[in-house]
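1. sequence and predicted structure are below.
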Amino acid sequence: MRPVARAVLAEVRRDLRGAAVWALALVVTGIPAGLLWVWLAPRARFEVVEGGAVPVGNPSAELLVADDSVLVLVLAGLGLLAGGTAWAMRRRRGVATLVATAVGTALAAVLAWQLGELLAPGPTAAQLGDVGTRVTTGLDLSSLPALAVAPFTALLVYVVAALFAGADDLGRR
């Protein structure tokens with residue numbers, strides 16, 4: 001193999017290795033995103049009576065979309081941070097980093113969603129059958145396309161930054 005080809009192959013390997021580490025780091029960010037969703041999402045409390053469950057207090061009518069809205073905002077923030085950080089990694093700019101950012105944030109969004117629903121489940125049938133019990137609504141994502149917000153936002157930040165790069169090599173050093 002020629003020295004030039006060997007050098008190019010070594011650079012590609014470094015890019016792929018860095019992209020894999022970056023994608024895994026992004027997946028791990030799904031854990032704090034899921035915890036943030038559990039903490040920020042509004043939930044309603046109900047008291048179980050003979051005829052079913054009645055709300056305690058005055059829950060908002062928008063509560064049904066609040067779970068989705070809060071997760072979308074959390075994932076948008078994650079995407080902004082991921083896209084900005086990916087662009088700030090000067091030595092790893094390029095297609096491998098772009099793909100790793102998309103895959104990593106998509107998997108982070110799925111992890112955040114599953115963790116949120118696991119940590120904040122809805123009431124069980126036994127709880128709903130026990131008169132006098134107070135139950136809290138669980139987290140539930142009604143719109144799966146909301147999970148695309150993190151990768152979309154991350155890629156948008158990265159591509160907009162690339163548009164303003166003066167050099168064809170995206171300023172890699």
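-> Cool, the structure landed.
2. mind listing what's buried along the helix or strand harbouring Ala19?
-> Using DSSP states H and E, Ala19 maps to helix 3-28. For helix 3-28, burial by neighbour count (16 or more other Cβ atoms under 10 Å) applies to 15, 18-19, 22-23, 26-27. Where C-beta positions appear, they are placed from N, C-alpha and C, glycine not excepted.
3. so after that helix, what's the next helix or strand?
-> As the chain continues past helix 3-28, the following element, by DSSP H and E, is helix 30-40.
4. tabulate the CA atom coordinates of whatever helix or strand comes next after that next one in CSV.
-> Downstream of helix 30-40, the next assigned helix or strand under DSSP H and E is strand 45-49. Provided in CSV are the C-alpha atoms of strand 45-49 (Å, rounded to 0.1, in the frame of the first residue of the first chain):
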residue,chain,number,x,y,z
ARG,A,45,-53.3,14.1,40.8
PHE,A,46,-56.6,12.3,41.1
GLU,A,47,-58.5,10.8,44.0
VAL,A,48,-60.2,7.4,43.4
VAL,A,49,-63.9,7.4,44.4
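5. and strand 45-49, how far from the chain's centre?
-> Distance, stretch centre to chain centre, for strand 45-49: 32 Å (Cα atoms, centre = their mean, to the nearest Å).
6. what packs against it?
-> Helices and strands touching strand 45-49, by 3 or more Cβ pairs under 8 Å, 6 or more residues apart in numbering; DSSP states H and E, are strand 52-55, helix 125-129, strand 134-136.
7. pretty sure Trp113 is touching Leu71, no?
-> Yes - using Cβ atoms under 8 Å, Trp113 is in contact with Leu71, at 6.8 Å.
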